[in-house]
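*Asks:* predicted model and sequence below, questions to follow.
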Amino acid sequence: MKLLAISGSPRQASTNTALLNAIKRRAPLGADFFVFNQLNTLPVFSPDLEGDAMPQVMRKFIDQVALADGIIISSPEYIRAIPGGLKNAIDWMVSRYEVVGKPIALVHASHRDDDMLVSLRLVLRTVSEHFQEDNFLRIPLIGKTPEEVEAVIQTSNYEVDISKFLADFMARIEEIKQK
């Protein structure tokens with residue numbers, strides 16, 4: 001099963017990317033887990049750049065979305081809203097078929113940022129009827145380095161939470177495939 005994890009943060013030492021990488025390291029056998037953390041390389045969406053005019057970097061990203069059986073998103077909040085880079089990536093996908101109906105779940109690396117989550121959930125419900133709003137993983141890691149993120153997860157019950165989150169997500173993807 002192919003899982004695409006998208007980090008909504010452009011920072012190299014992003015807590016959200018670190019969380020997604022920690023989840024990747026705990027993915028079960030049979031899960032092909034790819035973390036995309038380069039939203040800052042995607043051009044600003046314009047309908048004029050769709051079709052044959054689409055930049056190669058966007059084609060590559062859209063291909064990753066198309067190949068994925070499911071998408072996991074982890075994102076910070078910027079001024080109580082969805083970060084521009086993540087919203088831009090979603091804007092590129094919304095008029096295309098690759099994300100329509102794709103199972104999507106959220107993980108969150110903060111104990112706060114609920115305003116952004118409300119907005120992101122609304123957008124994702126609009127983009128995919130298989131957005132799994134009820135399967136949500138929150139681990140309070142704000143301000144932690146990638147090394148600290150790994151240490152927190154290793155020394156807590158969060159590994160159990162990650163395993164349950166992934167098992168539930170993958171089981172739901174299988175259910176959707178069977179329909």
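*Replies:* Yep, it's here.

*Asks:* mind listing the strands in this structure by residue range?
*Replies:* 2-7, 32-36, 70-74, 104-108, 131-138 (DSSP state E).

*Asks:* and Leu124, how many residues sit next to it?
*Replies:* Using other C-beta atoms under 10 Å, Leu124 has 21 other residues around it. Heads up, the C-betas are built off the backbone N, CA and C, glycines and all.

*Asks:* how near is Ile162 to Arg59?
*Replies:* Distance of Ile162 to Arg59, computed by C-beta to C-beta, to the nearest Å: 32 Å.

*Asks:* ok, those two, which is more surrounded?
*Replies:* Ile162 (20 against 10).

*Asks:* quick revisit: tell me which of the strands of the chain is the most buried.
*Replies:* strand 70-74 (a mean of 26; mean count of other C-beta atoms under 10 Å).

*Asks:* related to what we said a few turns ago, could you dump the strands of the chain to JSON lines with distance to Tyr158?
*Replies:* What follows is the strands of the chain, written out as JSON lines (distance: least, C-beta to C-beta, whole Å):
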{"stretch": "strand 2-7", "distance to Tyr158": "16"}
{"stretch": "strand 32-36", "distance to Tyr158": "17"}
{"stretch": "strand 70-74", "distance to Tyr158": "14"}
{"stretch": "strand 104-108", "distance to Tyr158": "11"}
{"stretch": "strand 131-138", "distance to Tyr158": "9"}
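
*Asks:* got the contact list for Tyr78?
*Replies:* Gly84, Met116 (C-beta atoms under 8 Å, 6 or more residues apart in numbering).

*Asks:* what's the answer for Val44, then?
*Replies:* By C-beta under 8 Å, 6+ apart, the contact set of Val44 is Asn88.

*Asks:* quick one on the thing from earlier: now render the strands of the chain as a markdown table, adding mean pLDDT.
*Replies:* Below are those laid out as a markdown table (pLDDT from 0 to 100):
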| stretch | mean pLDDT |
| --- | --- |
| strand 2-7 | 98 |
| strand 32-36 | 97 |
| strand 70-74 | 98 |
| strand 104-108 | 97 |
| strand 131-138 | 96 |
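
*Asks:* which residue is nearest the centroid of the chain?
*Replies:* Most central in the chain under C-alpha atoms, centre = their mean is Ile73, positioned 1.6 Å from the mean C-alpha point.
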